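[1] Let's see this in three dimensions:
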Amino acid sequence: MKRSSTLIALFALITLPLTAQSYWYGRWEGAMELSDGTMPFGLSVSEGGVLLDLPMQNLFGYPSARAQADKDSISVTWNFGGGQLNLDAKPSPSGAEGSFGQGQAGGTLILVRSSFQPDPATQLAVTMKDGAVLAGTLTLPVDGMDMPPLLILHAGLGAADRDGNNYNIPGKNDALKQLSQSLARVGVATYRYDKRGSGQSTWLVGHERELSFEAWIRDLVSIVERFSVDSRFSSVWVLGMNDGATVAAAAAGLSSPSGLIVACTSASGPLDSFRRAVSDAPEEFRVEGEAIIASLLAGRTVDEPSGFYSTAFRPSFQPYLIEAFRHDPETELAAYKGAILIAQGDLDLQVTMEDFAALGQSAPKAVAIIVPRMNHVLKEVPADVEENLAAFSDPSYPVSETLVGAIGYFITGK
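    Modelled structure (predicted):
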């Protein structure tokens, strides 16, 4: 089962929503019977579709292309680079049983309901102004304190979900899930959610042309506004991780939370990155690249880029780029007038100290900290490149407690 190596695979899906048959909803664990043994797998079934885990292939949270369910059966299809994987199952006394197939291969499978179901008390979906429903998790302080501050966590861009995981990257790190749990121990409530195109909100983006940077900003503004009138919380704050910080900063400027935190964030926005890529292209393609960027900045798409730019500037991705090019982290930080914390790990291999300094210059009143032994996904790691990279795909690496303490002090003053 070969996964697609590019994000475009997600947006090529044609999804059919599950019918409202609650028997199937939740977490399932199972095994596929292969000719040479068994392959364990997991399913997370929601109204929008089904997320697939294949631990032996280090694949987690892969979204279904099609899913149908009723009280008598479930049928799901996933599109992989190596072909479709189809699963069909019916209820059984122990859970469910059925069959699977991919190309000429196939066999039987069994499913049992997992003992690790999401806690209903923490699951909180928020409805956006256009009617879209974003799945999320609300975590309250462990000591049950009255009216704690609430920090809304926004993951990186692309398919990064509420826990900080991205199925395009092997394994999972659970960075935002761990951060949420750690902040609960220092008196800070958190809300993290699957933005459009990620996790259980994957199917809100049916095709890449529907991907919208502005929608991410609008959604976060709506979430801030929703919790700002929630009497359970004394204040509302926003954190943006990695390139998701640009969305968080833009939304903060429109919704005025009590404060903004950006963590391990490049000073370069999408426009900077594309301009740099064009300048590094072979000389004969630079003029075309510059012309495409100029057209997108003017709000005009380009129908037929050359083969050299057919992926980077594919027509289905251009509407997203038109929106994304309007935003960069330095400008958004400079525009936000509330309290700001800029946190950077000294073992971040993706973001430089020059980025950290540039962000600080854009918001001179911000609190800026360098977190020792923290990498790009907020994990505490040793000064070893292999372990640093391993932490991107291994939840056993803990989130930085120094970062947790700094966030707690920034929000609560203690």
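
[2] Just give me the neighbour total for F80.
    Look at F80: counted by other C-beta atoms under 10 Å, it has 17 neighbours. (C-beta placed from N, C-alpha, C; glycine too.)

[3] Same check on A298?
    A298 has 8 neighbours, counted by other C-beta under 10 Å.

[4] and if you look at the one 3 residues further on?
    Other residues within reach of T301 by the criterion other C-beta under 10 Å amount to 17.

[5] Phi and psi next, for it.
    With angles defined as degrees, to the nearest 10, T301 sits at phi -80, psi 160.

[6] that's a strand at K177, yeah?
    No. Using DSSP: H, G, I helix; E, B strand; the rest coil, the assignment for K177 is helix, not a strand.

[7] which residues does it contact?
    Residues in contact with K177 (C-beta atoms under 8 Å, 6 or more residues apart in numbering) are R162, D163, G164, R192.

[8] Contacts for the host helix or strand of the last one, please.
    In other words, R192. Per DSSP states H and E: R192 is located in strand 189-193. Residues from elsewhere that reach strand 189-193 (C-beta under 8 Å, 6+ apart): 124, 126, 134-141, 148-153, 155, 162-163, 176-177, 179-180, 183-184, 201, 223, 227, 232-233.

[9] hang on, the earlier thing: pLDDT for the contacts of K177 - can I get that in JSON lines?
    Shown next, in JSON lines, are the contacts of K177 (pLDDT from 0 to 100):
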{"residue": "R162", "pLDDT": "98"}
{"residue": "D163", "pLDDT": "98"}
{"residue": "G164", "pLDDT": "97"}
{"residue": "R192", "pLDDT": "98"}
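
[10] Among these, find me the one that's closest to L239.
    Checking the contacts of K177 against L239 with C-beta to C-beta, the nearest one is R192 at 9.3 Å.

[11] what's across from that closest one in the sheet?
    T137, L153 (DSSP bridges).

[12] and it, how many neighbours does it have?
    R192 - counted by other C-beta under 10 Å - has 24 other residues nearby.

[13] returning to that earlier point: ok, and the most crowded of the contacts of K177?
    Most neighbours among those, by other C-beta under 10 Å: G164, with 28 neighbours.

[14] so it touches V377, yeah?
    Yes. G164 lies in contact with V377 (C-beta atoms under 8 Å); the separation is 6.6 Å.

[15] So for these two, which residues contact both of them?
    Common contact partners of G164 and V377 (C-beta under 8 Å, 6+ apart): N173, A175.

[16] phi, psi of the residue nearest the centre of the chain?
    Per C-alpha atoms, centre = their mean, the C-alpha nearest to the average position across the chain is that of A160, at 1.9 Å. Backbone torsions of A160, given as degrees, to the nearest 10, read phi -60, psi 130.

[17] swap in R286?
    The phi/psi pair for R286 (degrees, to the nearest 10) reads phi -70, psi -40.
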